[in-house]
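Undergrad: Sharing a sequence plus its predicted fold:
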Amino acid sequence: IAPSTLQEVFSLREGDLFDASVVREGLEELTRAYGEQGYVDATIDPEFEVNQTNHTIALRLNIDEQVPYRIGGVNALGVDSEMKNEIRSALKSGDVFKSQSFNAFLNEFLRKHSGALPPEVSYRDVRMDRDVKRRTLSIQIDFRSCEQIPK
């Protein structure tokens, strides 16, 4: 991620009052930015250096990007072939896995097809398996209705 992106993500500038919530929001946004580039295992470790004399706090970020993941395969259960094709055309095997784009697609898909899907379908029905050697994520979305337990 470019240094300019880091500056965009963190709204604190030199001379501003320290605000932990702004730092927290910046770390969350930076994690999303890495996830959007396939770095689903990226870790960001903030270090704070307090200077009592100057009454300043320096923030240093130790970032371990890990490796970018690509989409390995996509399986959709409980939907017709037209919906499967829609899913596979949006989530192509070999493409970089973009976490924010995936979430946006799934939200839109669930909204668009809400009448055709069981009402209890949610993110809990998505399973992602990592293949560390191949650096891929296999995605399975199970749209089948869950059986209700009789009372």
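TA: Everything's here; your move. Nothing here was measured: the structure is a model prediction, and the numbers come from that model. Numbers count the residues shown, from 1 in each chain.
Undergrad: quick one, what contacts R130?
TA: Y69, T136, L137 (Cβ atoms under 8 Å, 6 or more residues apart in numbering). For every residue, glycine as well, the C-beta is placed using N, CA and C.
Undergrad: low pLDDT regions in this structure?
TA: Along the chain, segments meeting pLDDT under 70 span 146-151.
Undergrad: Can you check which helix is longest in the chain?
TA: Counting by DSSP state H, the longest helix found in the chain is helix 20-35.
Undergrad: Count the residues that sit near the nearest residue to A33 once chain neighbours are set aside.
TA: Distances taken as Cβ to Cβ, 6 or more residues apart in numbering put I1 closest to A33, at 5.9 Å, once the chain neighbours are dropped. Here the number of neighbours of I1 (other Cβ atoms under 10 Å) works out to 16.
Undergrad: I figured I1 hits Y34, correct?
TA: Yes: judged on Cβ atoms under 8 Å, I1 makes contact with Y34 at a distance of 6.5 Å.
Undergrad: Pull up the overlap in contacts between those two.
TA: Contacts common to I1 and Y34, judged by Cβ under 8 Å, 6+ apart, are I63.
Undergrad: ranges for the strands of this structure?
TA: Remark: strands assigned in the chain by DSSP state E are 43-51, 56-64, 70-77, 126-131, 136-142.
Undergrad: Need the ones you listed in JSON lines (columns: distance to A20).
TA: Output for the strands of the chain, formatted as JSON lines (distance: least, Cβ to Cβ, whole Å):
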{"stretch": "strand 43-51", "distance to A20": "10"}
{"stretch": "strand 56-64", "distance to A20": "10"}
{"stretch": "strand 70-77", "distance to A20": "36"}
{"stretch": "strand 126-131", "distance to A20": "31"}
{"stretch": "strand 136-142", "distance to A20": "33"}
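Undergrad: Tell me which of these is the most buried.
TA: Comparing the strands of the chain by mean neighbour count (mean count of other Cβ atoms under 10 Å), strand 136-142 comes out on top with a mean of 18.
Undergrad: Quickly note the distance from the spatially most central residue of the chain to K133.
TA: By Cα atoms, centre = their mean, the mean C-alpha position of the chain lies nearest to S99, the distance being 3.3 Å. To K133, S99 is 21 Å away according to Cβ to Cβ, to the nearest Å.
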